[in-house]
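Novice: Next one to model:
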Amino acid sequence: MSSVSLIGEKLNVGFTTRATLNRLLEAGEVTSQKAQQFQQAALAFLVGAVEYAMDKLPLKDALLKHARFIDVQLRAECGVEDALYFVDRQGFQELLPFQDPKEQDQVSDEFMKYQLMDIALPEDPTVFDVEEFWGRMSTIKNKVRHILHTT
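Specialist: The predicted model follows:
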């Protein structure tokens with residue numbers, strides 16, 4: 001048996017597809033050769049899809065490199081220039097409309113506070129809800145801006 005057919009047998013094609021393939025094999029409606037052909041075709045499709053994505057997606061775009069600050073687990077490895085690049089590139093300049101050095105210092109101070117925040121991360125960091133975190137952060141920031149502008 002070749003390594004491709006071993007990979008094909010382990011390939012996750014979905015529960016329903018695997019169950020149907022097994023049922024057809026047991027019933028003799030599909031030969032083991034046809035099942036191997038299907039598994040090889042499924043593997044070739046998935047490899048082709050990944051190759052296409054790697055070729056077409058902007059994985060080397062500088063924006064992705066600078067967007068790492070959004071991941072709270074990587075925030076200590078980033079600098080304020082990453083946030084500024086991201087804001088500038090995405091056209092969100094109205095979010096950080098600063099002109100003079102004092103305002104630039106304020107942005108740097110806020111970024112440092114973000115880097116030093118005590119953020120409770122779950123034991124399994126892959127289940128951290130980034131959208132919920134940033135949604136909560138935006139409401140805090142909006143409350144602070146509202147207080148500053150009304151006083």
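
Novice: Now Ala53: which helix or strand?
Specialist: Here Ala53, judged by DSSP states H and E, is contained in helix 32-56.

Novice: Buried residues, that helix. List them.
Specialist: Ala35, Gln36, Phe38, Gln39, Gln40, Ala42, Leu43 (16 or more other CB atoms under 10 Å). Quick note: C-beta positions are derived from backbone N, CA and C, even for glycine.

Novice: repeat for stretch 71-78
Specialist: Result for stretch 71-78 [16+ other CB under 10 Å]: buried residues Val72, Arg75, Cys78.

Novice: can you give me the helices for the protein?
Specialist: 3-10, 15-27, 32-56, 62-66, 80-90, 101-116, 130-150 (DSSP state H).

Novice: Please report how far Ala76 lies from Arg68.
Specialist: 11 Å (CB to CB, to the nearest Å).

Novice: same thing with Glu103?
Specialist: 24 Å.

Novice: Ala53 now?
Specialist: For Ala53, the distance to Arg68 equals 20 Å [CB to CB].

Novice: now Ala44
Specialist: 33 Å.

Novice: go on, Lys113?
Specialist: 18 Å.

Novice: Comparing those two, which residue is more hemmed in?
Specialist: For Lys113 and Arg68, the more surrounded residue by other CB atoms under 10 Å is Arg68, and the numbers stand at 14 against 9.

Novice: So that one sits against Cys78, correct?
Specialist: Yes - the pair Arg68 and Cys78 passes the contact test of CB atoms under 8 Å, sitting 5.5 Å apart.

Novice: Could you pull up the contacting residues of the residue nearest to the spatial centre of the chain?
Specialist: When CA atoms, centre = their mean is applied to the chain, the residue found nearest the centroid is Asp71 (9.1 Å). Residues counted as contacts of Asp71 (CB atoms under 8 Å, 6 or more residues apart in numbering) are Val130.
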